[in-house]
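> Predicted model and sequence below, questions to follow.
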Amino acid sequence: MALRFKPSLRLSSLVMGFGAGAIIGAVAYELVPTAWDLVTAGSIVFFGLGALVFFGASSWIVRWGAGRKASPAGKLEGAVGADFATGSSIALGALLDGLPESLVLGMTLATGGGIRLAFLGAVLISNIPQSISATIALKAGGQSPRRIYSVWVFITVVSAVFAALGYLLVIYVPLSNGHLARAFAAGSLLTMVANSMIPEAYKEQGALVGLMVVLGVAVAAILTLLR
């Protein structure tokens, strides 16, 4: 869609705010209750570990993007180089964001509960504006449609691999039926929302994003009740 059209930053930011709220709701209503059914020190440790892992990985992405823009090639390319670096950073962020989401989907299937509607909806909604932003930036940076498609195919394949990994973790590794892994994913997702999605949406749209976040949480709650 982003290759044929150019959605406004206003619309993308509002959708991102809604997606952030949906993820918060999904974590609160889906991940945390199941992760804390058997409250242990391990649950708390893995919750914090998920936050630390995402924080460290996202910090590396930010430094990589800054280094790419500051490189001699980036300076010579000017705006095109900056757009390419920005698009690459967002795409890497999308990959990193998708890993805990994919793990949760795989673990949910392994525990026999089926894919939760609230969590699946939150994942779909939250990834739309991020993928659009990355595609627009990569296109502005001179990347061909074929190259852009290959980036998203790669991200999709890696996400599928992590979904399978989440399934296998629950089946073959003693993780308290996925409780520790769910706690890890909850910490990672909350850090991603707080550090990436809400600030980026607020930067483009302002205070209205707060209302969209609340709406996203409400929709996640409704989807949970409908399961």
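Okay, I see it. This structure is a prediction, so every number in the text was calculated from the model and none was measured.

> Please count neighbours and contacts with C-alpha atoms only from this point.
Noted.

> I'd like to know how many residues surround residue 203.
Using other Cα atoms under 10 Å, the number of residues around residue 203 comes to 11.

> Residue 50 reaches residue 185, doesn't it?
Yes: using Cα atoms under 8 Å, residue 50 makes contact with residue 185 at a distance of 6.0 Å.

> Compare the two (neighbour count), which wins?
More crowded of residue 50 and residue 185, by other Cα under 10 Å: residue 185, with 29 against 22.

> quick one: that one from residue 217, how far?
Residue 185 sits 18 Å away from residue 217 when distances are taken as Cα to Cα, to the nearest Å.

> Ok, residue 51 next?
For residue 51 relative to residue 217 (Cα to Cα), the value is 20 Å.

> and those two? which has more neighbours close in?
It is residue 217, of residue 51 and residue 217, that has more neighbours when counted by other Cα under 10 Å, with 25 against 20.

> what about the more buried one, helix or strand, and which?
Using DSSP states H and E, residue 217 sits in helix 208-226.

> Over to residue 207: give its phi and psi.
Dihedral angles of residue 207 (phi, psi; degrees, to the nearest 10) stand at phi -60, psi -20.

> Specify the local secondary structure of residue 180.
helix (DSSP: H, G, I helix; E, B strand; the rest coil).

> If you could redo that for residue 143, that was the one I meant.
Classified using three-state DSSP, residue 143 is coil.

> Can you give me the distance of it to residue 95?
For residue 143, the distance to residue 95 - Cα to Cα - is 18 Å.

> hmm, back to that, how about the helix holding residue 217: buried residues?
Neighbour counts over helix 208-226 (16 or more other Cα atoms under 10 Å) mark 209-210, 212-221, 223-224 as buried.

> Kindly list the single helix or strand of the chain that scores lowest on mean pLDDT.
Using mean pLDDT, DSSP states H and E, helix 72-77 stands out as the lowest-scoring helix or strand of the chain, at a mean of 49.

> tell me the helices in the protein, going along the chain?
Assigned by DSSP state H, the helices in the chain fall at 9-26, 32-35, 41-70, 72-77, 79-110, 117-140, 145-172, 179-192, 198-205, 208-226.

> Of the ones you listed, which shows the lowest average pLDDT?
For these, mean pLDDT drops lowest on helix 72-77, to a mean of 49.

> Now stretch 189-205: buried residues?
Those would be 189-193, 197-198, 200-202, 205, for stretch 189-205 by 16+ other Cα under 10 Å.

> how about those residues in CSV, adding distance to residue 163?
Shown next, in CSV, are these (distance: Cα to Cα, whole Å):
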residue, distance to residue 163
189, 15
190, 19
191, 20
192, 18
193, 20
197, 22
198, 25
200, 27
201, 28
202, 31
205, 33
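
> need the contact list for residue 103.
Residues in contact with residue 103 (Cα atoms under 8 Å, 6 or more residues apart in numbering) are 162-167, 185.

> Of the residues you listed, just say which sits nearest to residue 26.
When these are compared for distance to residue 26 (Cα to Cα), residue 185 wins out at 11.5 Å.

> my guess is the closest one meets residue 101, correct?
Yes: contact criterion Cα under 8 Å: residue 185 and residue 101 qualify, at 7.2 Å.

> returning to that earlier point: closest to residue 24 among the contacts of residue 103?
Ranked by distance to residue 24 (Cα to Cα), these are led by residue 185 at 12.1 Å.

> Next, the contact list for that closest one, please.
Contact analysis of residue 185 by Cα under 8 Å, 6+ apart lists 47, 50, 100-101, 103-104.

> if we go to 10 Å?
Residues near residue 185 by Cα atoms under 10 Å, 6 or more residues apart in numbering: 27, 31-32, 35, 46-51, 54, 99-104, 179, 191.
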